[in-house]
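Undergrad: Provided below are the primary sequence and the corresponding predicted coordinates.
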Amino acid sequence: MAEITVFHDAADLIPVKAKGWQVGFPNMFKRELERVWNPRAFSIQTLAWLVLLNFVLAMFIQMDPGPFTITIFMYVSGVLVPMGAAVIASGSIIGEKNSGTAAWVLSKPASRTGFVMAKFLAISSGFLTSAVVIQGIVAYAQLSLATKSFVPAGPFIGGMLLLSLAVLFYLSMTLMLGTMFESRMPVMGIPVALVMGQIFLSLPLSDLADWLPYLLPGNLLQLGATVTGGTDENGPWIVTVLISLVFTGLFLFLALQRIHQDEL
């Protein structure tokens with residue numbers, strides 16, 4: 001494969017040699033990171049999640065500072081955070097396609113694979129930090145202060161990791177949909193509907209067979225609440241985790257396939 005030289009810093013004219021999908025990736029990734037980690041936007045997003053999640057948690061702590069409160073926090077986070085991920089990412093590719101920015105960027109020495117992966121990695125880093133890591137630290141401090149003892153860190157971190165996996169699942173799905181549709185409505189609406197739909201599907205499926213809900217990636221919500229609350233999970237939870245990981249990879253694969261076929 002031919003080697004292409006691109007310049008990531010026009011002022012200093014520093015050549016960067018890359019091959020294949022890496023062509024232009026550092027520049028696009030840097031561009032996406034600057035958007036996601038913009039101090040003003042990041043601060044507003046973090047503050048919004050602080051109000052949505054930890055203010056609600058503070059109200060429940062006043063009523064019951066026990067394990068039930070931790071479970072409630074995970075349930076609320078497990079619904080709102082994946083939905084928020086879908087909303088945040090819904091305009092990422094659609095907006096650039098409609099404005100013509102995507103066509104302009106990809107007319108340069110830049111790969112379409114790098115274009116999608118730069119967005120996925122940058123959005124994931126910023127969103128997980130503002131909506132999961134920071135909120136988890138604040139929630140842990142709130143719960144520990146309320147109970148006057150440290151909440152068991154292992155189960156709490158386990159719940160946060162499951163929530164992070166749910167975020168990656170819905171982010172990858174949203175980016176895939178962004179390569180397939182021209183309107184933001186289905187790109188945002190399908191993941192949000194899936195979050196809500198799986199909540200209502202879980203009980204009917206469990207009536208048919210105990211193991212069926214574990215086939216739903218949405219069961220990460222239940223798993224996170226169970227693990228964080230310190231309750232033993234005896235079901236085939238590893239199936240849910242593996243399905244979520246496989247579908248996250250599949251969504252990214254389909255997004256890459258579609259972006260290569262799209263006439264930008």
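TA: All right, it came through fine.

Undergrad: Tell me where the model's unsure across the stretch 101-250 of the chain.
TA: 102-103, 105-110, 229-235 (pLDDT under 70).

Undergrad: mind listing the strands in it by residue range?
TA: For the stretch 101-250 of the chain, applying DSSP state E, counting those that start in this stretch gives no strands.

Undergrad: so where do the helices sit in it?
TA: With DSSP state H, counting those that start in this stretch, the ranges of helices along the stretch 101-250 of the chain come out as 101-106, 112-127, 134-147, 153-180, 184-208, 219-228, 237-261.

Undergrad: Against which helices or strands is the fourth one packed?
TA: Contact analysis of helix 153-180 by 3 or more Cβ pairs under 8 Å, 6 or more residues apart in numbering; DSSP states H and E lists helix 67-99, helix 112-127, helix 134-147, helix 184-208, helix 219-228, helix 237-261 as its packing neighbours. Any C-beta I mention is one placed from the backbone N, CA and C, and that applies to glycine too.

Undergrad: Can you say which of these is nearest to residue 50?
TA: Residue 50 lies closest, by Cβ to Cβ, to one member of the helices and strands packed on helix 153-180: helix 134-147, at 6.7 Å.

Undergrad: of the helices and strands packed on helix 153-180, which approaches residue 36 most closely?
TA: From the helices and strands packed on helix 153-180, taking Cβ to Cβ, the stretch that ends up closest is helix 112-127, at 3.5 Å.

Undergrad: quick one: the closest one to chain centroid distance?
TA: A distance of 11 Å separates the centroid of the chain from that of helix 112-127, by Cα atoms, centre = their mean, to the nearest Å.

Undergrad: likewise stretch 164-174?
TA: For stretch 164-174, the separation from the chain centroid amounts to 4 Å (computed by Cα atoms, centre = their mean).

Undergrad: Give me the distance between residue 58 and residue 84.
TA: 19 Å (Cβ to Cβ, to the nearest Å).

Undergrad: can you give me the mean pLDDT across the host helix or strand of residue 44?
TA: Element membership for residue 44 (DSSP states H and E) is helix 39-49. What helix 39-49 shows for mean pLDDT is 94.

Undergrad: Give me the helices and strands touching that helix, please.
TA: Secondary elements touching helix 39-49 (3+ Cβ pairs under 8 Å, 6+ apart): helix 67-99, helix 112-127, helix 134-147.

Undergrad: Go again with 6 Å.
TA: Using 3 or more Cβ pairs under 6 Å, 6 or more residues apart in numbering; DSSP states H and E as the contact test, no helix or strand touches helix 39-49.

Undergrad: about what we covered before: residue 58 and residue 84: which has the busier surroundings?
TA: residue 84 (22 against 14; other Cβ atoms under 10 Å).

Undergrad: Name all residues that make contact with that one.
TA: Residues in contact with residue 84 (Cβ atoms under 6 Å, 6 or more residues apart in numbering): none are found.

Undergrad: cool, residue 167 as well?
TA: residue 85 are the contacts of residue 167 under Cβ under 6 Å, 6+ apart.
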